[in-house]
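> Can you look at this prediction? I've put the sequence above it.
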Amino acid sequence: MGLYKKYLLPKIIHWTCGQNPTMRQREKVVPLAYGKVLEVGIGTGLNLGYYNSTKIKHLTGLDPSEENWKMNKVNAEGLGLDLSFVQASADQIPAENDQFDTALITYTLCSIPDPLPSLLEIRRVLKPNGTLIFCEHGIAPDNKIKKWQHAVNPVWRTISGGCNLNRDVPDLLEKGGFRLKNLETMYLPGWRIATFNYWGTAMIR
Ligand SMILES: C[S@@+](CC[C@H](N)C(=O)[O-])C[C@H]1O[C@@H](n2cnc3c(N)ncnc32)[C@H](O)[C@@H]1O
């Protein structure tokens, strides 16, 4: 692993994902989590402070990057969270079928190289009546912005640790075997090619 990926990228991810508009998005979705929870792509732990610990039995945070996770400074015990970290990729989740009540995924689908196998894997480990909670940035509705997203994506992906600007989030979720229950969208303040947000909940189809 290069020095950029090991030392600099986790700091950049922590800073960009920790901006106020993004943190306000977390506040909208993370408290919905309940029961046995799997957070996919837990990154630097920016969601931890938003869980409603009284609703959580156990939280498993999964991420292939231990470097990102090491940036986490939150005292989970102090928050009343029973937490374990698993270093793994979402397309190979080390868990039995039908394990989790909730899967939470925030600003991660953009970074998974091939998201469909990962969504199918999340579906596998969710209980049949479980909930997928998501908040992701992705393809914008405006043609002019879309055009820029497609144009800039190859360079952006290279410098940003694999983040894609132009993923069609609802389409991916449907193709990954989920039925959208709630979906909200808006541009967050900031650079419009990177700020169109999709958030809501989905169930197994
Ligand atoms: C932009 S960061 C977001 C981190 C965190 N979800 C948040 O909301 O702050 C994307 C995260 O996705 C993780 N990631 C990349 N590929 C992954 C994969 N195949 N499976 C699970 N997580 C992955 C990265 O390591 C990184 O921590």
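Sure, I can see it.
> For the longest helix seen in the chain, give me every contacting residue.
In the chain, assigned by DSSP state H, the helix with the most residues is helix 143-159. Contact partners of helix 143-159, identified using Cβ atoms under 8 Å, 6 or more residues apart in numbering, comprise 139-140, 163-166, 192-194, 196. C-beta coordinates here come from the backbone N, C-alpha and C atoms, glycine included.
> In CSV, list the C-alpha atoms belonging to it.
The C-alpha trace of helix 143-159 is given here as CSV (Å, rounded to 0.1, in the frame of the first residue of the first chain):
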residue,chain,number,x,y,z
ASN,A,143,-28.1,16.9,-17.3
LYS,A,144,-25.4,19.5,-17.0
ILE,A,145,-24.2,18.3,-13.7
LYS,A,146,-24.4,14.6,-14.8
LYS,A,147,-22.2,15.4,-17.8
TRP,A,148,-19.5,16.9,-15.5
GLN,A,149,-19.8,13.9,-13.1
HIS,A,150,-19.1,11.5,-16.0
ALA,A,151,-16.2,13.6,-17.3
VAL,A,152,-14.5,14.2,-13.9
ASN,A,153,-15.1,10.7,-12.5
PRO,A,154,-12.0,8.9,-13.9
VAL,A,155,-9.6,11.4,-12.3
TRP,A,156,-11.7,11.9,-9.2
ARG,A,157,-11.8,8.1,-8.6
THR,A,158,-8.0,7.9,-8.8
ILE,A,159,-7.2,10.7,-6.3
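> If we go by neighbour counts, what in it is buried?
Judged by neighbour count using 16 or more other Cβ atoms under 10 Å, the buried positions of helix 143-159 are 145-146, 148-149, 153, 156-157.
> would you list those in TSV and tack on pLDDT?
Output for the buried residues of helix 143-159, formatted as TSV (pLDDT from 0 to 100):
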residue	pLDDT
145	98
146	98
148	98
149	98
153	98
156	95
157	95
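> and the residue in the chain positioned nearest to the ligand, what is it in contact with?
Here the chain gets closest to the ligand at one residue, residue 43, 2.4 Å apart by Cβ to the nearest ligand atom. Contacts for residue 43 were tallied using Cβ under 8 Å, 6+ apart; they are 13-14, 17, 63, 65, 68-69, 107-108.
> among those residues, which are within reach of the ligand?
13, 17, 63, 65, 68, 107-108 (Cβ under 6 Å from any ligand atom).
> Mind putting those into TSV with distance to residue 91, secondary structure and pLDDT?
What follows is those, written out as TSV (distance: Cβ to Cβ, whole Å; DSSP: H, G, I helix; E, B strand; the rest coil; pLDDT from 0 to 100):
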residue	distance to residue 91	secondary structure	pLDDT
13	20	helix	90
17	22	helix	95
63	13	strand	97
65	15	coil	94
68	17	helix	92
107	18	coil	98
108	12	coil	98
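> Could you export those residues as a markdown table, including neighbour count?
Below are the ones next to the ligand among the contacts of residue 43 laid out as a markdown table (neighbours: other Cβ atoms under 10 Å):
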| residue | neighbour count |
| --- | --- |
| 13 | 22 |
| 17 | 18 |
| 63 | 23 |
| 65 | 22 |
| 68 | 21 |
| 107 | 22 |
| 108 | 23 |
